[in-house]
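K.L.:
I need the structure of the sequence given here:
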Amino acid sequence: MFEEYLQDSCKFFSLGNEFVKKNDEREARCYYRASVFYAAGAIEAFVNYIADSFAKANNLTQHEICFLNDKTLVFKFDDGLREETKYNPLDQKLRFLIRKFVHNFDFQGSTWVAFMEFKKLRDLLAHPRQLDDETISDEYRKKVAKGLKAIIELMSAVTEGMFQKPLRRQLLDLIPD
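P.N.:
Have a look, this model is predicted:
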């Protein structure tokens with residue numbers, strides 16, 4: 001699913017670029033915002049896919065699997081040990097996966113910084129505090145391009161760390177120019 005969301009995000013980004021060429025600011029921003037949500041969905045689906053895979057394979061500790069799958073282990077005298085839902089932030093799950101599988105990753109580097117900036121953009125769009133969106137299309141284009149690049153680079157780093165091979169070329173080719 002994450003691959004389709006990533007492709008959808010890139011398609012919306014491309015459509016936004018086309019509307020910029022037509023000087024249609026409203027439509028361009030519409031497609032850039034859609035691109036943001038699909039890109040955010042793609043990285044979330046990627047992490048969830050990995051988490052589900054580890055749960056099925058049972059090849060991480062129970063606490064690690066619970067963390068990735070938004071669960072926590074709770075002991076209650078009457079019920080014993082059981083899992084409860086406890087949502088963990090996406091960036092924390094990514095940090096865990098990167099620290100576990102990717103050697104020498106720089107959390108101060110451009111990829112992580114761009115991802116966190118993109119996450120802030122997504123959060124601002126998902127939880128707006130303004131009546132109107134005053135972000136111009138050129139600003140969206142720059143932010144979405146950097147965010148898509150960062151997301152694809154993060155996916156590839158995790159994939160390479162876990163499986164010793166990068167993300168599929170078809171997905172790497174989606175990195176915006």
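K.L.:
could you find the closest non-adjacent residue to Ile50?
P.N.:
Nearest non-adjacent residue to Ile50, counting by C-beta to C-beta, 6 or more residues apart in numbering: Leu97, 6.5 Å away. No exception for glycine: its C-beta is placed from N, CA and C like everyone else's.
K.L.:
per-residue pLDDT, the one you found?
P.N.:
Looking at Leu97, its pLDDT reads 97.
K.L.:
could you do the one 4 residues further on as well?
P.N.:
At Phe101, the predicted lDDT confidence score is 96.
K.L.:
wait, it touches Gln164, no?
P.N.:
No: the criterion here is C-beta atoms under 8 Å, and Phe101 misses it with Gln164 at 10.0 Å.
K.L.:
who's more crowded, these two?
P.N.:
The residue with more neighbours, out of Phe101 and Gln164, is Phe101; 16 against 7, by other C-beta atoms under 10 Å.
K.L.:
so how far is the least confident helix or strand in the chain by mean pLDDT off the chain centroid?
P.N.:
Ranking every helix and strand in the chain by mean pLDDT, DSSP states H and E puts strand 80-85 at the bottom, with a mean of 81. Between the centre of strand 80-85 and the centre of its host chain there is 28 Å, according to C-alpha atoms, centre = their mean, to the nearest Å.
K.L.:
direction included, what does it pair up with?
P.N.:
strand 71-76 (antiparallel) (DSSP bridges).
K.L.:
measure the residue nearest to Ile50 to Glu153 for me?
P.N.:
In this view, Leu97 and Glu153 are 14 Å apart by C-beta to C-beta, to the nearest Å.
K.L.:
Arg29 now?
P.N.:
Distance from Arg29 to Glu153, by C-beta to C-beta: 25 Å.
K.L.:
let me know the outermost residue of the chain.
P.N.:
What lies farthest from the middle of the chain is Asp78; by C-alpha atoms, centre = their mean that is 39.0 Å.
K.L.:
name the SS class of that residue, please.
P.N.:
coil (DSSP: H, G, I helix; E, B strand; the rest coil).
K.L.:
just the pLDDT for it.
P.N.:
For Asp78, pLDDT reads 82.
K.L.:
and the gap between it and Lys142?
P.N.:
Taken as C-beta to C-beta, the span from Asp78 to Lys142 is 55 Å.
K.L.:
now do Ile175
P.N.:
Distance from Ile175 to Lys142, by C-beta to C-beta: 14 Å.
K.L.:
more neighbours: these two, which one.
P.N.:
Ile175 (15 against 12).
K.L.:
just want the most central residue of this structure.
P.N.:
Ile43 (2.7 Å).
K.L.:
once you drop chain neighbours, what's closest to Arg82?
P.N.:
Val74 (6.0 Å).
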